[in-house]
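1. what follows is a protein structure lacking sequence information:
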């Protein structure tokens, strides 16, 4: 229980929430029937995981019922990622068939409107801009959207460096002018336990319907999510997991629980792989690998598909056990550089050299090094790695693929 308590506190869970949580786990663990499949330590982890999922609550969908257009208000402090989250959400809803309009209602922050317009162009969603007070701007945007057949309005409201009465009064004024279907609080996961006070401040002033936790791809393990969900009762709806406009994922309590416990996020990794991989190309590669015809062209294709999945450090963080610890030792810039260098070396080869690496003599390797802007040692290192991969494939070929489960755990 001491280790569990420390793990939760290190994950930035509020101490009062940790105290209640530990009490519930202890009660269950003392009275739990021991599973035949689990040893006592695993049984405790299972109980902790189940209690975490229960505390985090069920995932809640956006409320898109009622007359159109439906209004979604994005609220939060300055720097929480509110404007970017609005564009990310617009992209998701547009992909679901909604006609979305982004509304720039932050006249105070320099370049806030320009930032939203730039993001709107990236996700293919128009942005409504107008000079005036935010409640008037939102009312005019609603009227314009109604006439234009818009189904969802996403309002990027103004943030403040801290909770203040002027901010809350403005949000209440917007709500009175145009009733909102959703009021989503955007919270930076990196602020730790302070996130709970921010959530309570907004909840006491406006009727929050959901949370979006941003910067979940950073060092924060998501403990703030437990605190906010447990104390305020406001459901978490989305998690921001990167800076890209596609880096917003639907909230899943079991996956977040695994991250908090340091058990990785295998489902998230699978989703990244599925979005990056071309199924036909992958099947063809798998057949060539198992038939022993694995070439440098296949190797280059695999590297390109790995690059599509995102930064290597982020991918390693999603793996369970010691791999997450390994990720913290990886320099993201160095890892990305190594990938680019490997790709450059392979691209500097002729088609014959990629398909028949045995022809690579010393003079050819010098030419490839010059063409890729590297040195011969880098070319030799790549060839050594490739030979090891080939040997592994031959081992699998001889075993008829039976070695795969053992090989990959």
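-> Sure thing, it's come through. What you see is a predicted model, and the numbers here were worked out from it, not measured in a lab.
2. okay, which residue of the protein is out on the far edge from center?
-> Here the chain has its C-alpha centre computed as a mean, and the residue farthest from that point, by CA atoms, centre = their mean, is residue 363 with 45.4 Å.
3. any idea how far that one lies from residue 394?
-> Per CB to CB, to the nearest Å, residue 363 is found 28 Å from residue 394. For glycine as for every other residue, the C-beta is placed from the backbone atoms N, C-alpha and C.
4. and if you look at residue 4?
-> Distance of residue 4 to residue 394, given as CB to CB: 46 Å.
5. one more: residue 67?
-> 65 Å.
6. who has more neighbours out of the two?
-> residue 394 (14 against 8; other CB atoms under 10 Å).
7. so where does the more buried one fall, helix or strand?
-> Here residue 394 sits within helix 376-399, counting by DSSP states H and E.
8. quick one: list the elements packing against that helix.
-> The elements that helix 376-399 packs onto, with contact taken as 3 or more CB pairs under 8 Å, 6 or more residues apart in numbering; DSSP states H and E, are helix 279-290, helix 296-308, helix 332-347, helix 362-372, helix 404-407.
9. now the fourth one: mean pLDDT?
-> Along helix 362-372, the predicted confidence averages to a pLDDT of 91.
10. would you mind listing the buried residues in it?
-> For helix 362-372, a neighbour-count test (16 or more other CB atoms under 10 Å) marks 365, 367-369, 372 as buried.
11. for these, which one is nearest residue 181?
-> Using CB to CB, residue 372 comes nearest to residue 181 of the buried residues of helix 362-372, at 54.1 Å.
12. do you know how far that closest one is from residue 382?
-> 10 Å.
13. between the two, which contacts overlap?
-> Residues within reach of residue 372 and of residue 382 at once, by CB atoms under 8 Å, 6 or more residues apart in numbering, are residue 345.
14. where do the strands of the stretch 1-150 of the chain begin and end?
-> 70-75, 100-105, 127-128 (DSSP state E, counting those that start in this stretch).
15. winner for burial among those strands?
-> strand 100-105 (a mean of 27; mean count of other CB atoms under 10 Å).
16. centre of the chain to that strand, how far?
-> The chain centre lies 24 Å from the centre of strand 100-105; the measure is CA atoms, centre = their mean, to the nearest Å.
17. go ahead and name everything in contact with it.
-> 69, 86-87, 90, 93-94, 112-113, 116-117, 119-120, 125-129, 134, 137-138, 141, 144-145, 148, 150-158, 174.
18. now list the buried members of the residues you listed.
-> Counted by 16+ other CB under 10 Å, the contacts of strand 100-105 give 69, 86-87, 90, 93, 112-113, 116-117, 119-120, 125-129, 134, 137-138, 141, 144-145, 150, 152-158, 174 as buried.
19. among those, which are located in helices?
-> In this view, those that belong to helices under DSSP state H are 86-87, 90, 93, 112-113, 116-117, 119-120, 134, 137-138, 141, 144-145, 174.
20. how about the contacts made by the residue nearest to residue 79 when sequence neighbours are not counted?
-> Using CB to CB, 6 or more residues apart in numbering and skipping residues adjacent in sequence, the residue nearest residue 79 is residue 188, 6.8 Å away. Listed by CB under 8 Å, 6+ apart, the contact partners of residue 188 are 77, 79-81, 195, 214-215.
21. and the residue nearest the centre of this structure?
-> Centroid-nearest residue in the chain: residue 241, 2.5 Å away (criterion: CA atoms, centre = their mean).
22. surely it touches residue 251?
-> No. The criterion here is CB atoms under 8 Å, and residue 241 misses it with residue 251 at 10.9 Å.
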